[in-house]
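Chemist: Got a sequence here, can you build the structure:
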Amino acid sequence: MGKSVKKSRLDNFLNFVEVAGNKLPHPVAMFFGFFVITIIFSFILSKMGVSVSYSEISKSTGQVVQKTTTVQNLLTNEGIRGIFTSAVKNFTGHAALGSIVVAMLGVGLADGTGLLSTLIKKLVLSTPRGLVSAIVVFAGVMSNIASDAGYVVLIPLGAVIFLSFGRHPLAGIAAAFAGVSGGFSANLLIGTTDPLLGGISTSAAQIVLPGYSVDATANYFFMFVSTFLITIVGAWLTDKVIEPRLKEYKGPKLEIDEKTELTKEEKKGIRMALISIIIFIILILLMILPENAIFKLTPKEVEAFVAANHRQPGTMELLKPFFGQSIVFVLMLAFFIPGLAYGITAGTVKSHKDVIKALIKAMSSCGQVFVIIFISAQFVYVFTKSNIGIVIAVKLANILKSMGITGIAAAVGLIFLTAFVNLFIGGASSKWLMLSPVFIPMFVELGLSPEYTQLAYRIGDSTTNIISPLMSYFPIIVGFAAKYSEREEDMGMGTIIAMMLPYSMAFLISWTGLFIIWTLLGLPIGPGVSMFI
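Modeler: The predicted structure is shown next:
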């Protein structure tokens, strides 16, 4: 009885969130409203003289600088001119736009030739139905090694995978989104985020500990274990909470008969696709492994890095031309090449016209996403330009610091503070540049290591990505999900937030619980890294 009451209360709450959220206008109109409201508040708060003073790590020098930030009035000649002159650049420079266009070319061809459907058919025939949620969440977490590529490749693919199992495609989107974004800091490997945050933490630590260095592997042990925590929690929520709440899916089905075998042509196509991807991987490895590999920083670039960061680059930083700048194009080729090989071998591609048709079809499916990106990019611009997010973050940080909390309670406080601030300021590095000079010296005084402080920040930074409309890819997820709604115009932000809120809360609570247990046991959080100074 207790469980059913609790479940009923949860359902009622999530239904309220969904209904209330979906009564709001279409996401495009919502972001336009946010755009207008931000401009109005920038005028009011600027006239009130609202400002904050804080320390921040300089991106150019790595030194700590004192800054005073005031809310900027956007209803001035300069502000209005900036809105007009930057509109196109805001759109074309949006983090998601280029990634989506480039990645979808490869994915579109792989889909158009039939490679994806055949691979999913193979997945269905060889994967127990009960493990599909765990596989999708785990793949989402692991996709973080490829920066943001998981958002544009794995999330829409999650819908297709679930659909092929006869399950609701929105549950597939939710599971993939939870892994990609909610579990952003977890991974079995060292990713691009690790050296980035480590460099910022090093600069903040040297305020009170001259010569101190935070390595890219500083949080590796904890994040390794966290991968399994996020996978287990995410899969359980998908199966027991998220999918049961979804209305019956009435769109096109992709259910595959488990007794159906792959055809002779499909088997030949997969074999040739596998050979092509192996050759492609070998070529990529030859471009990143040798000492003077194409994708490694040149000696001059290494010198510039050392001068700017006052240290030698780590492995991930040395391969920045690959992981930081080329990974989306590489992923596009990783779908395009085997897709083409499959199509030619299986007979689904008979001429170059078939290839072009598949690419055009892929682009035509992105229309709503492009519209959402345009207007959300304008909102992000005015919100950033107004400095309102910075004012909120600094004032909250000052409140936490003034409370005089010590020990593990202070670290847990940082987790929850970061989780809340993350709703207003996206980007792991941008917030850490601002918060690290406050909290790392503060925690060092409490006897807590910079690596431990960074770990608390990373937990909070990951857990609320999936419910923050300001997160770059959030409106894109709304666009992906609309494809599987009875009427695309009915898909609103309320549905997505209600769908992702259980993941966000469960990740925050369970991850914090793991953090507390880890602290109490005194386990190392990385190779040779303690939680205490």
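
Chemist: Look up the closest residue to residue 458, ignoring the ones flanking it.
Modeler: residue 185 (4.1 Å; C-beta to C-beta, 6 or more residues apart in numbering). Just so you know, the C-beta spots here come from the backbone N, C-alpha and C atoms, and that holds for glycine as well.

Chemist: Next: residue 112.
Modeler: Among residues not flanking residue 112 along the chain, residue 358 sits closest, at 2.6 Å (C-beta to C-beta, 6+ apart).

Chemist: who's in contact with the helix or strand where the one you found lies?
Modeler: Assigned by DSSP states H and E, residue 358 falls within helix 352-364. Helix 352-364 is contacted from outside by 101, 104-105, 107-109, 111-113, 340, 343, 348-349, using C-beta atoms under 8 Å, 6 or more residues apart in numbering.

Chemist: Show the average pLDDT along it.
Modeler: For helix 352-364, mean pLDDT rounds to 87.

Chemist: starting at the chain centroid, how far to the next helix or strand along the chain from it?
Modeler: Heading C-terminal from helix 352-364, the first helix or strand you meet, by DSSP H and E, is helix 367-386. Computed by C-alpha atoms, centre = their mean, to the nearest Å, the chain-centroid distance of helix 367-386 equals 17 Å.

Chemist: what's the angle from helix 367-386 to helix 352-364?
Modeler: Taking axes from the mean of the first three to the mean of the last three C-alpha atoms, to 10 degrees, helix 367-386 and helix 352-364 form an angle of 50 degrees between their directions.

Chemist: circling back to that earlier point, tally of neighbours for the residue nearest to residue 112?
Modeler: For residue 358, the neighbour count with other C-beta atoms under 10 Å is 23.

Chemist: Residue 234 now?
Modeler: Residue 234 has 30 nearby residues by other C-beta under 10 Å.

Chemist: now swap in the one 10 residues further on and tell me
Modeler: When neighbours are counted by other C-beta under 10 Å, residue 244 registers 12.

Chemist: tell me which element it is part of?
Modeler: Going by DSSP H and E, residue 244 is part of helix 243-245.

Chemist: in this structure, which helix has the most residues?
Modeler: helix 493-521 (DSSP state H).

Chemist: Does anything pack onto that one? Which helices or strands?
Modeler: Packing contacts for helix 493-521, counted by 3 or more C-beta pairs under 8 Å, 6 or more residues apart in numbering; DSSP states H and E, involve helix 2-22, helix 169-177, helix 220-237, helix 407-421, helix 450-463, helix 474-482.

Chemist: and the ones you listed as TSV, adding distance to residue 142 and mean pLDDT?
Modeler: Below are those laid out as TSV (distance: least, C-beta to C-beta, whole Å; pLDDT from 0 to 100):
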stretch	distance to residue 142	mean pLDDT
helix 2-22	28	63
helix 169-177	12	93
helix 220-237	8	95
helix 407-421	23	90
helix 450-463	14	94
helix 474-482	19	81
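
Chemist: now these in JSON lines, with distance to residue 332?
Modeler: JSON lines is the format used below for the helices and strands packed on helix 493-521 (distance: least, C-beta to C-beta, whole Å):
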{"stretch": "helix 2-22", "distance to residue 332": "34"}
{"stretch": "helix 169-177", "distance to residue 332": "19"}
{"stretch": "helix 220-237", "distance to residue 332": "26"}
{"stretch": "helix 407-421", "distance to residue 332": "33"}
{"stretch": "helix 450-463", "distance to residue 332": "26"}
{"stretch": "helix 474-482", "distance to residue 332": "17"}
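
Chemist: Out of those, which is closest to residue 208?
Modeler: Closest to residue 208 of these, according to C-beta to C-beta: helix 450-463, at 9.2 Å.

Chemist: which residue is nearest the centroid of the chain?
Modeler: The structure's the chain has its C-alpha centroid closest to residue 181; by C-alpha atoms, centre = their mean the separation is 3.7 Å.

Chemist: ok, now how distant is the residue lying farthest from the centre of the chain from residue 346?
Modeler: In the chain, the residue that sits farthest from the middle, by C-alpha atoms, centre = their mean, is residue 264; the gap is 39.1 Å. Residue 264 sits 9 Å away from residue 346, taking C-beta to C-beta, to the nearest Å as the criterion.

Chemist: hang on, the earlier thing: buried residues of the longest helix of the chain, list them for me.
Modeler: By neighbour count on 16 or more other C-beta atoms under 10 Å, the buried set for helix 493-521 is 493-508, 510-512, 514-515, 518-519.
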